[in-house]
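Q: Show me how the following folds:
(one chain, ligands or ions: 1)
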Amino acid sequence: MIVKTENLSREFVRGKNQFYAVDHVNLEVEEKELVAIMGQSGSGKSTLFHMLTGILKPTEGKITVLDHEIEKMNDRQLSVLRGGDLGYIMQGKNLLQNLTVMENILLPLSLGKNRKPDKERITYLTELLGIQNMLSEYPANLSGGEQRRVAIARTFAQNPKLVVADEPTSSLDMENSEIIMKYFQKMAKEGTTILVSTHDREFANYADRCLWMKKGKLEKRELE
Ligand SMILES: Nc1ncnc2c1ncn2[C@@H]1O[C@H](COP(=O)(O)OP(=O)(O)OP(=O)(O)O)[C@@H](O)[C@H]1O
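A: Numbers count the residues shown, from 1 in each chain. Coordinates of the predicted model:
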């Protein structure tokens, strides 16, 4: 099992209300699976992904990712993991603005253990994602969709065993979304486990399995 959560929960307080953003989630993802989590805005997908990747501590429950007990790891151990076997494509723009595109792509590799940049892999990825002519640009000079593609290239450049991707196709046009979905499917077949959150129902055609998140609870259900 690559991902396993047991009763994973996160509570937040807003005003006088205490509520579960993630409510006793039991999720299991096997090696080589491409699993899509769908759900309305605010249903808890990002909170779940933040906990799986050690960005956010749970209020309750257990998380095992790639044989690591995530909630017991310290920040240093977590950043080594996130620079190596675990790749996290976060939502929104998250490139470092003072580094060029290429420097951004190489950054996780400098945090991971025993990972050296694989030039061939990086060339392949940047060409596939159509960012090969922007490698010496700064992120501020790129569109939102281009920055998204750089973030995707950065994650796969580290050759992770598990990729957690939070709405990877959100600011992309159809053509680029399809390239990403096909690439995810290919990488899953070749051995990378991928967990993706999305509003894009097209992903259902590429994923091995779709789950639905509703008010913090994870449901198994057919798409309408
Ligand atoms: N730090 C926080 N403090 C209080 N409430 C929070 C915090 N972070 C998230 N929430 C709330 O928790 C709920 C789940 O948010 P989350 O970002 O996980 O949803 P999501 O499914 O990823 O949404 P989207 O699809 O819009 O990204 C929302 O109601 C959100 O407002």
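Q: Thought Ile105 was touching Arg154, still the case?
A: Yes - counting by Cβ atoms under 8 Å, Arg154 touches Ile105, with 4.6 Å between them. In short, each C-beta sits where N, CA and C put it, glycine included.
Q: which other residues reach the biggest strand by length in the chain?
A: Longest strand in the chain by number of residues (criterion: DSSP state E): strand 3-14. Strand 3-14 has contacts (Cβ atoms under 8 Å, 6 or more residues apart in numbering) with 18-29, 44, 47-48, 51-52, 56, 58-65, 162, 193, 195, 216.
Q: Mind checking which of these are in strands?
A: Filtering the contacts of strand 3-14 for strands - DSSP E - leaves 18-25, 28-29, 60-65, 162, 193, 195.
Q: Keep these, but drop any that are not near the ligand.
A: Within the set of the ones in strands among the contacts of strand 3-14, contact with the ligand (Cβ under 6 Å from any ligand atom) is found for Ala21.
Q: Tell me the buried residues within the ones in strands among the contacts of strand 3-14.
A: Among the ones in strands among the contacts of strand 3-14, those classed as buried by 16 or more other Cβ atoms under 10 Å are 20-23, 25, 29, 61, 63-65, 162, 193, 195.
Q: re the thing from before, neighbouring strands for the longest strand of the chain, and are they parallel or not?
A: strand 17-25 (antiparallel), strand 28-29 (antiparallel), strand 60-65 (antiparallel) (DSSP bridges).
Q: can I get those in CSV with mean pLDDT?
A: Formatted as CSV, the strands paired with strand 3-14 follow (pLDDT from 0 to 100):
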stretch, mean pLDDT
strand 17-25, 96
strand 28-29, 96
strand 60-65, 97
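Q: how about those strands, which one is nearest Arg76?
A: Smallest distance to Arg76 across the strands paired with strand 3-14 (Cβ to Cβ): 16.6 Å, for strand 60-65.
Q: Identify the residues contacting that closest one?
A: Residues from elsewhere that reach strand 60-65, judged by Cβ under 8 Å, 6+ apart: 1-11, 24-25, 51-53, 69-71, 86, 162.
Q: and the next helix or strand after it, what other elements does it pack with?
A: Downstream of strand 60-65, the next assigned helix or strand under DSSP states H and E is strand 68-69. With contacts defined as 3 or more Cβ pairs under 8 Å, 6 or more residues apart in numbering; DSSP states H and E, strand 68-69 has no helix or strand neighbours.
Q: which neighbours does strand 68-69 have in its sheet, and in what orientation?
A: Here, using DSSP bridges, strand 68-69 pairs with strand 60-65 (antiparallel).
Q: Name the residues of the lowest-mean-pLDDT helix or strand in the chain that come out as buried.
A: Ranked by mean pLDDT, DSSP states H and E, the weakest helix or strand in the chain is helix 101-111, scoring a mean of 87. In terms of neighbour count (16+ other Cβ under 10 Å), helix 101-111 has its buried residues at Val101, Met102, Asn104, Ile105, Leu106, Leu107, Pro108, Leu109.
Q: Brilliant, that's me finished.
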